[in-house]
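S.K.: next comes the sequence, and after it the predicted model I'd like to discuss.
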There are 2 protein chains.
Amino acid sequence: MCQLTLPCAYTLTMGEPVPWLTPEEQRAWRSFVRLQERLGGRLAHLLQTESNVSSADFAVLVQLTDVPEGRRRFLELAQALEWEKSRMSHHLSRMVKRGLVVREECPEDGRGAFIVITDAGRALLAAAAPRHVEAVRALFLDHVTPAELRTLAQVSDRVVAKLNEDQS
Amino acid sequence: MCQLTLPCAYTLTMGEPVPWLTPEEQRAWRSFVRLQERLGGRLAHLLQTESNVSSADFAVLVQLTDVPEGRRRFLELAQALEWEKSRMSHHLSRMVKRGLVVREECPEDGRGAFIVITDAGRALLAAAAPRHVEAVRALFLDHVTPAELRTLAQVSDRVVAKLNEDQS
DNA sequence: CGGATTTAGTTGACGGTTCAATTATCTCCG
DNA sequence: CGGAGATAATTGAACCGTCAACTAAATCCG
């Protein structure tokens, strides 16, 4: 997820019929990309240093506590987070090693696995979550009006819907 | 840069005075995070598969072609992209190995280095850029009104400015 | 001059992500 | 039943980014 800036037209051999970005489009796009990088980076860094948990750990723990027993199927988890299976698998291995979750066999399906949050996992999340919420407020929500937030959500949903359409 | 969702309140021991996110805030935040991940991921994937260049490569090449001679100081590059020095260094090593850039000594400062884009680097960027612009349009700009885009840019700039204020 | 500090850039180790290949189980259907 | 797929999940290799430690050159200043 990098600085997806765009090259100045003059540096390229332009035989192409691609309509280049207008200055406003370019500026907006750059700002937006920068926001993603900086805000995401800062939040991740805060989680890591203040609560000793990565954004990825946090996301997994949240998914597990979203269901009362703290126990979900592997694939269900992967789909909820929109992660690849292999990413999920590798990540869970690390979380198991740190005692945040355990793998359990699935009686109905011999191939399947249940992932269960441990007490340590719950404790970690409980400690991390309030600070994270605070950070999301302080770094983002506090500087955005309700109307802007609505616009943001609408645009996000619309664009993601389109992404899902072409080649999901 | 992960799914920074938030846990449902009921699962946490809530002795804290942290004002939780309202449902609209939660929804907007989630949508926004999802947009970042999906759009960034898709664009990066397109660059990689269609043009055999990563987003990071692309960003570096753009920075180099932004100046006519295609030659910039290491730190200047790192600052322009807001990358850590070590990331820059590692990444440049990989790009050197692939023949996209070369390192040159800096006469004025024996510690310094110039990074220079090669012809292969220029060619790669020239091939990749139009498709990238096209993708940014097709996946994002085409689904956002000018007014929304302005809002997005304003919000982005404002939030990033705040991020720079606290502990730059 | 010459030592202390700062600055430019590199390196190695480690955790994280992707891709392709693999294992094991299940389901479908003849 | 039994074989052909499909599905659940793991694994290993390769690449990427971060952190902390390091090298080497420049600058500051007595």
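M.R.: On my side now, so go ahead.

S.K.: how many degrees apart are the biggest helix by length in chain A and helix B:23-51 in direction?
M.R.: Across chain A, the longest stretch assigned as helix under DSSP state H is helix A:23-51. Here helix A:23-51 runs at 110 degrees with respect to helix B:23-51, directions being taken by axes from the mean of the first three to the mean of the last three C-alpha atoms, to 10 degrees.

S.K.: near DNA strand C at all, helix A:23-51?
M.R.: No: using C-beta under 7 Å from any atom of the strand, helix A:23-51 stays clear of DNA strand C, with a minimum separation of 8.3 Å. Just so you know, the C-beta spots here come from the backbone N, C-alpha and C atoms, and that holds for glycine as well.

S.K.: pLDDT of that helix, averaged?
M.R.: The average of the pLDDT scores along helix A:23-51 is 94.

S.K.: that helix: which residues count as buried?
M.R.: Buried residues in helix A:23-51, counted by 16 or more other C-beta atoms under 10 Å in any protein chain shown: A:25-40, A:42-44, A:46-47, A:51.

S.K.: angle of the strand or helix carrying A:A128 against helix B:23-51?
M.R.: A:A128 is part of helix A:119-139 when elements are defined by DSSP states H and E. Here the directions of helix A:119-139 and helix B:23-51 differ by 90 degrees (the same axes, to 10 degrees).

S.K.: can you tell if helix A:119-139 touches DNA strand C?
M.R.: No: figure legend: helix A:119-139 not in contact with DNA strand C (C-beta under 7 Å from any atom of the strand); closest approach 12.9 Å.

S.K.: now for that helix, which elements pack on it?
M.R.: Helix A:119-139 sits against helix A:23-51, helix A:55-65, helix B:146-165, with contacts defined as 3 or more C-beta pairs under 8 Å, 6 or more residues apart in numbering or on different chains; DSSP states H and E.

S.K.: let me know which of these is the nearest to A:A153.
M.R.: helix B:146-165 (11.3 Å; C-beta to C-beta).

S.K.: what angle do that closest one and helix A:23-51 make?
M.R.: 40 degrees.

S.K.: tell me the mean pLDDT for helix B:146-165?
M.R.: Averaged across helix B:146-165, pLDDT comes to 95.

S.K.: distance between that helix and the chain's centre?
M.R.: 16 Å (C-alpha atoms, centre = their mean, to the nearest Å).

S.K.: if you count neighbours, what's buried in the helix holding A:A128?
M.R.: A:121-122, A:124-130, A:132-137, A:139.

S.K.: check stretch A:84-99 too.
M.R.: A:88, A:91-92, A:95.

S.K.: average pLDDT for it?
M.R.: For stretch A:84-99, the mean per-residue pLDDT is 96.

S.K.: thinking again about what came up before, B:V67 is nearest to which of the helices and strands packed on helix A:119-139?
M.R.: Among these, the nearest to B:V67 by C-beta to C-beta is helix A:23-51 (17.2 Å).

S.K.: the closest one to helix A:55-65, inter-axis angle?
M.R.: Angle of helix A:23-51 versus helix A:55-65, following the same axes, to 10 degrees, is 70 degrees.

S.K.: help me see whether helix A:23-51 makes contact with DNA strand D, please.
M.R.: Yes: contact of helix A:23-51 with DNA strand D (C-beta under 7 Å from any atom of the strand) involves A:41, A:45, A:48.

S.K.: distance to B:T151 added to those, as TSV?
M.R.: Below are these laid out as TSV (distance: C-beta to C-beta, whole Å):
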residue	distance to B:T151
A:G41	23
A:H45	27
A:Q48	31
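
S.K.: and the closest residue to DNA strand C within chain A, backbone torsions?
M.R.: Residue nearest to DNA strand C within chain A: A:G110 (2.7 Å; C-beta to the nearest atom of the strand). Main-chain dihedrals, A:G110, degrees, to the nearest 10: phi -60, psi -20.

S.K.: tell me the pLDDT of it.
M.R.: At A:G110, the pLDDT value in this model is 89.

S.K.: distance check, A:R42 against DNA strand D.
M.R.: Per C-beta to the nearest atom of the strand, to the nearest Å, A:R42 is found 10 Å from DNA strand D.

S.K.: I'd assumed B:L163 was in contact with that residue.
M.R.: Yes: contact criterion C-beta atoms under 8 Å: A:R42 and B:L163 qualify, at 6.0 Å.

S.K.: identify the contacts common to those two.
M.R.: Listed contacts common to A:R42 and B:L163 are A:L139; contacts here mean C-beta atoms under 8 Å, 6 or more residues apart in numbering or on different chains.
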